[in-house]
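[1] Give me the fold of what follows.
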Amino acid sequence: VSGRVAIGTIDSYLIARMTRGFQHVTDATNASRTMLYNLNTGTWDRWLCELFGVPMGALPEIVSSYGVIGNSDAASFLGVTAPIAGIAGDQQAALVGQAGFTPGATKCTYGTGSFLLVHTGDKPAASTRGLLTTVALQHLDGRRDFALEGSVFVTGAAVQWLRDGLGIINSAAEVEALARSVPDAGGVVFVPALTGLGAPDWDPSARGLIIGITRATTKAHIARATLDAIAYEVVDLVELMRAEGGVDLRVLAVDGGAAANDLLCQIQANTLGIPVDRSAQLQTTGLGAAFLAGLGTGVWDSTDELINTRRSSGIFEPGEVSPEGHARWRDAVQRSTNWASN
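    Have a look, this model is predicted:
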């Protein structure tokens, strides 16, 4: 490499464009997702860079997740000169938006998939069963918070399939009313492995499965089974995080478009056996980015102030749930695995 090539993540590209190329930086949350970052030292890892053939001199400087690192150049960025004061990956920003700054703080974003992060403290917690160890936040003084992340491939996408594939709803918003029209799934279990299974099973050859259908099964039961599946996927991740993260999860903060579904939030609380706290701002990734920029420019003096800033739109207390429900779910998951390879 001639030395004129700059290599980075999307945030470093955007910052370089906004500053007319004067700043080539990324923050620790993004750096920790490149497979080139050493979680122990907080720097680029020479061995990994050599393994992947990446010249270290071309990589961006790793900076804190908040604090002014430069100003946008008006000629390059919409005529605006403004401080650039907050940088984070999307899921880490969502954790910030949920004011998750202490060990055990846990958030789940329900989007096309589900993304669960649990704050594990100031030391990285290693996973042996498919969770991802990541930097959750790097503070101005260089201190780093860590998290474990688990990813579910299909959440909102399952509801979209009910709409576009089966045609049993006309819009995603209709799934709640349809699912509420029956008291339960009537013995139906839906494993939405439409693109394989993510954590904790990690099986790209798994395929979707609906089992337990009888002549009494209706589209309402399938809708209800879909919401059950979304909740049980998260239960699998929470149980794994409890075991590997060494933290006590006492409440789950939720956000994302599907979190607007009251029935889903209640099913989630029931299946987890802990309260589910829905953020008043469902798009917490953007909120977290704003929080970081505010910390970086002095709007807030500390993360403690942000904890008091967060607002809830509802807390769903756990109710009764069938003790056999999760076991039946896991049985169905196992039946869905290793299918495409056959």
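[2] nearest residue to Ile307 other than its sequence neighbours?
    Nearest residue to Ile307 in three dimensions, chain neighbours excluded: Ala99, at 4.6 Å (CB to CB, 6 or more residues apart in numbering). Any C-beta I mention is one placed from the backbone N, CA and C, and that applies to glycine too.
[3] do the same with Val333
    Val191 (5.4 Å).
[4] so what's the one you found bridging to?
    For Val191, the beta-bridge partners are Leu209 (DSSP bridges).
[5] go on, Glu149?
    Leu117, Leu132.
[6] For it, give its distance to Thr134.
    Distance of Glu149 to Thr134, given as CB to CB, to the nearest Å: 5 Å.
[7] Quick check: Cys225 touching Gly208?
    Not quite, residue 225 is Ala, not Cys. No. With contact defined as CB atoms under 8 Å, Ala225 does not count as touching Gly208 (11.6 Å).
[8] Find the residues that touch each one of these two.
    Phe190 (CB atoms under 8 Å, 6 or more residues apart in numbering).
[9] isn't there a strand covering Gly67?
    Yes. Counting by DSSP: H, G, I helix; E, B strand; the rest coil, Gly67 is found in a strand.
[10] Surely it touches Leu140?
    Yes. Contact criterion CB under 8 Å: Gly67 and Leu140 qualify, at 5.0 Å.
[11] Who has more neighbours out of those two?
    Using other CB atoms under 10 Å, the more surrounded residue of Gly67 and Leu140 is Gly67, with 20 against 12.
[12] centroid residue for the chain?
    Phe115 (2.6 Å; CA atoms, centre = their mean).
[13] Check for me that it belongs to a helix.
    No. Phe115 sits outside any helix when classified using three-state DSSP, being strand.
[14] which residues touch it?
    Gln91, Ala94, Cys108, Thr109, Glu149, Gly150, Ser151, Val152.
[15] Mind checking which of these are in helices?
    Gln91, Ala94 (DSSP state H).
[16] If we only consider the contacts of Phe115, which is nearest to Ser171?
    The closest of the contacts of Phe115 to Ser171 turns out to be Thr109 (CB to CB; 21.0 Å).
[17] Count the neighbours of the closest one for me.
    Thr109 is flanked by 28 other residues according to other CB under 10 Å.
[18] separation between the nearest residue to it once chain neighbours are set aside and Gly286?
    Setting aside the residues directly before and after it, Thr109 is nearest to Gly256 in space (CB to CB, 6+ apart), at 4.3 Å. Separation of Gly256 from Gly286 (CB to CB): 12 Å.
[19] out of these two, which sits in the more crowded spot?
    It is Gly256, of Gly256 and Gly286, that has more neighbours when counted by other CB under 10 Å, with 24 against 13.
[20] what's near enough to touch the more buried one?
    Cys108, Thr109, Tyr110, Gly111, Ser114, Gly156, Leu282, Gln283, Thr284.
[21] what do you get for Asp11?
    Going by CB under 8 Å, 6+ apart, Asp11 touches Thr26, Asp27, Asn30, Ile87.
[22] Write the ChimeraX selection for whichever of the contacts of Gly256 are buried.
    For the buried members of these, the matching ChimeraX selection, counting by 16 or more other CB atoms under 10 Å, is:
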select :108,109,110,111,114,156,282,284
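[23] Now the contacts of Gly256 in TSV, please, with extra columns for distance to Gly8 and pLDDT.
    As requested, the contacts of Gly256 are exported to TSV (distance: CB to CB, whole Å; pLDDT from 0 to 100):
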residue	distance to Gly8	pLDDT
Cys108	29	97
Thr109	24	96
Tyr110	30	96
Gly111	25	91
Ser114	28	95
Gly156	30	92
Leu282	30	95
Gln283	25	94
Thr284	25	96
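[24] Just the ones of the contacts of Gly256 in strands?
    In strands, defined here by DSSP state E, the members of the contacts of Gly256 are Cys108, Thr109, Tyr110, Ser114.
[25] what's the closest of the residues you listed to Leu36?
    Nearest member of the ones in strands among the contacts of Gly256 to Leu36, counting by CB to CB, is Thr109, at 25.3 Å.
[26] who does that closest one bridge with?
    Phe115, Asp255.
[27] one step back: what would the contacts of Asp11 look like in JSON lines with neighbour count?
    As requested, those are arranged in JSON lines below (neighbours: other CB atoms under 10 Å):
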{"residue": "Thr26", "neighbour count": "25"}
{"residue": "Asp27", "neighbour count": "29"}
{"residue": "Asn30", "neighbour count": "25"}
{"residue": "Ile87", "neighbour count": "29"}
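[28] So which of these belong to strands?
    Short answer: the contacts of Asp11 in strands (DSSP E) are Thr26, Asp27.
[29] max-length helix in the chain?
    Max-length helix for the chain by DSSP H is helix 219-245.
[30] List the buried residues of it.
    219-238, 240-241, 244-245.
[31] next one: stretch 170-179
    Ala172, Val175, Glu176, Leu178, Ala179.
[32] Helix, strand or coil: sort out the last one for me.
    Spelled out, it's Ala179. helix.
[33] Pull the helix or strand of the chain with the lowest mean pLDDT out as CSV, backbone CA atoms only.
    Using mean pLDDT, DSSP states H and E, helix 303-309 stands out as the lowest-scoring helix or strand of the chain, at a mean of 91. This file holds the C-alpha atoms of helix 303-309, laid out as CSV (Å, rounded to 0.1, in the frame of the first residue of the first chain):
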residue,chain,number,x,y,z
THR,A,303,-23.9,9.6,32.2
ASP,A,304,-25.7,9.9,35.6
GLU,A,305,-27.6,12.8,34.3
LEU,A,306,-28.7,10.8,31.3
ILE,A,307,-30.1,8.0,33.5
ASN,A,308,-32.6,10.6,34.8
THR,A,309,-33.3,11.8,31.2
